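Enquirer: test case, fold it:
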Amino acid sequence: MHIGIITPAAAKSLNGNRATAKRWAFFLRQLGHRVSIDVEWHEKPYDLMVALHAWRSAPSIALFKKKFPDRPLVLAMTGTDLYRFINSHPEPTLASIKSADRLVVLHRLATRVLPASCHHKVHVIHQSAVALSDESSRQVKRSVKTFDVCIVGHLREEKDSMRVAYAVRDLPADSRIRILHYGKAHNDEWANYAMQEMKINPRYHWFGEVPHWKVRRAYRSCHLMVLPSVMEGGANVISEASIAGLPIIASDIDGSVGLLGDDYAGYFPVQDTAALRKLLLKAEAELEYVRNLTQQCKQRAALFTQEAEKQGWADLLNDMKV
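Expert: Below you'll find the predicted structure:
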């Protein structure tokens, strides 16, 4: 079967949607299918379309269903679809949802914001991550002089990207906390926020967009990762950190709770700087707390293996009888 994956992220982009499209193409090829990845549909006669982003891919979805009304279409709901565009741009977003034969979501709580009429279409597929090699674990060790906390994600509004920097301003002088931020700025304004913060906040270090191997090295060398987002469709950095054995502190949004579990001990209220500051100091001071977070992440890691994600696609295609 020829499967077309439509993603609004350009071919050379390091955007999460492009990475997701490439990873899914890999699994679908392993399952025996021919796969093409395009930014928009150019009337290629796909046997099945997988579209990422209900709003951004709406024209391609509408055209495909008009041209091939009987051919199956799978729509992958992104975080901005679920938590922004379904409200701000409801007509095209809901039209895409209605056109889709199945809806792929990346965490179990996504149905909370989806119309009840489409719940029967929903299929949860967790994003996977590759385990760090033994070699990488020997090369990098955690610092004893600093308590290193990484942030991995582009600087933009949805990520609440400067929240962690704000939380470590004016910490006690004896605190060893250091923030290492990896991610491309969405625009010059966000780049300026980060550069100005570094001038006044010696604990904050922004590295910009870096190759993924440097991010993976950070997973091994840091003591903790923070995901402060105000919205997520199911962040792959949670999968990567869990597989790497790196404990996580996250805002208590559905996209993170849906992956880490209701009883996870590392949540703070969205955009609550004081609460995040308190958790960071707790993690620095209490080794047992960090061990507990690490153990909870390890328990979730089985959800994020490549085998599990590949099987998720096999199950979906089997359910669709294609």
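Enquirer: angles on the backbone of the residue sitting nearest the centre point of the chain, please.
Expert: Centroid-nearest residue in the chain, with C-alpha atoms, centre = their mean: A235, separated by 1.8 Å. When read as degrees, to the nearest 10, the backbone of A235 gives phi -60, psi 130.
Enquirer: who's the closest spatial neighbour of it, skipping the chain neighbours?
Expert: L227 (6.0 Å; C-beta to C-beta, 6 or more residues apart in numbering). (C-beta placed from N, C-alpha, C; glycine too.)
Enquirer: tell me the bridge partners for the one you found.
Expert: A250 (DSSP bridges).
Enquirer: dump the residue contacts of it.
Expert: 151, 153, 235, 237-238, 248-251, 256 (C-beta atoms under 8 Å, 6 or more residues apart in numbering).
Enquirer: circling back: gap between the residue nearest to the centre of the chain and I248?
Expert: 10 Å (C-beta to C-beta, to the nearest Å).
Enquirer: ok, R23 next?
Expert: To I248, R23 is 21 Å away according to C-beta to C-beta.
Enquirer: again, but for F304
Expert: From F304 to I248 the distance is 12 Å (C-beta to C-beta).
Enquirer: try L103
Expert: Applying C-beta to C-beta to L103 and I248 gives a distance of 26 Å.
Enquirer: do R163 as well
Expert: In terms of C-beta to C-beta, R163 sits 15 Å off from I248.
Enquirer: tell me which of the two has more neighbours.
Expert: Per other C-beta atoms under 10 Å, whichever of R163 and I248 has more neighbours is I248, with 24 against 20.
Enquirer: check what pLDDT that one gets.
Expert: Model confidence at I248, given as pLDDT, is 98.
Enquirer: my guess is it meets R300, correct?
Expert: No: contact criterion C-beta atoms under 8 Å: I248 and R300 do not qualify, at 9.5 Å.
Enquirer: intersection of neighbour lists for those two?
Expert: Joint contacts of I248 and R300 (C-beta under 8 Å, 6+ apart) are 242, 260.
Enquirer: what comes up buried for stretch 312-319?
Expert: Going by neighbour count (16 or more other C-beta atoms under 10 Å), the buried part of stretch 312-319 is 312-313, 316-317.
Enquirer: now do the buried residues in stretch 168-178.
Expert: Buried residues in stretch 168-178 (16+ other C-beta under 10 Å): 168, 171, 175, 177-178.
Enquirer: restricted to strands, list those.
Expert: Judged by DSSP state E, those include 177-178 as members of strands.
Enquirer: all helices of the stretch 201-322 of the chain, in order?
Expert: Per DSSP state H, counting those that start in this stretch, the stretch 201-322 of the chain carries helices over the ranges 212-221, 236-244, 254-260, 273-285, 287-300, 306-320.
Enquirer: list the helices and strands the last one packs on?
Expert: In terms of contacts (3 or more C-beta pairs under 8 Å, 6 or more residues apart in numbering; DSSP states H and E), helix 306-320 is packed against helix 16-30, strand 102-105, strand 122-124.
Enquirer: what about 6 Å?
Expert: In terms of contacts (3 or more C-beta pairs under 6 Å, 6 or more residues apart in numbering; DSSP states H and E), helix 306-320 is not packed against any helix or strand.
Enquirer: what angle separates it from helix 236-244?
Expert: Using axes from the mean of the first three to the mean of the last three C-alpha atoms, to 10 degrees, the inter-axis angle of helix 306-320 relative to helix 236-244 is 130 degrees.
Enquirer: all further residue positions should be reported with the first residue as 3.
Expert: Okay, using 3 as the starting number, the last item reads as helix 308-322.
Enquirer: quick check: angle from helix 308-322 to helix 18-32?
Expert: Using the same axes, to 10 degrees: helix 308-322 against helix 18-32 is 70 degrees.
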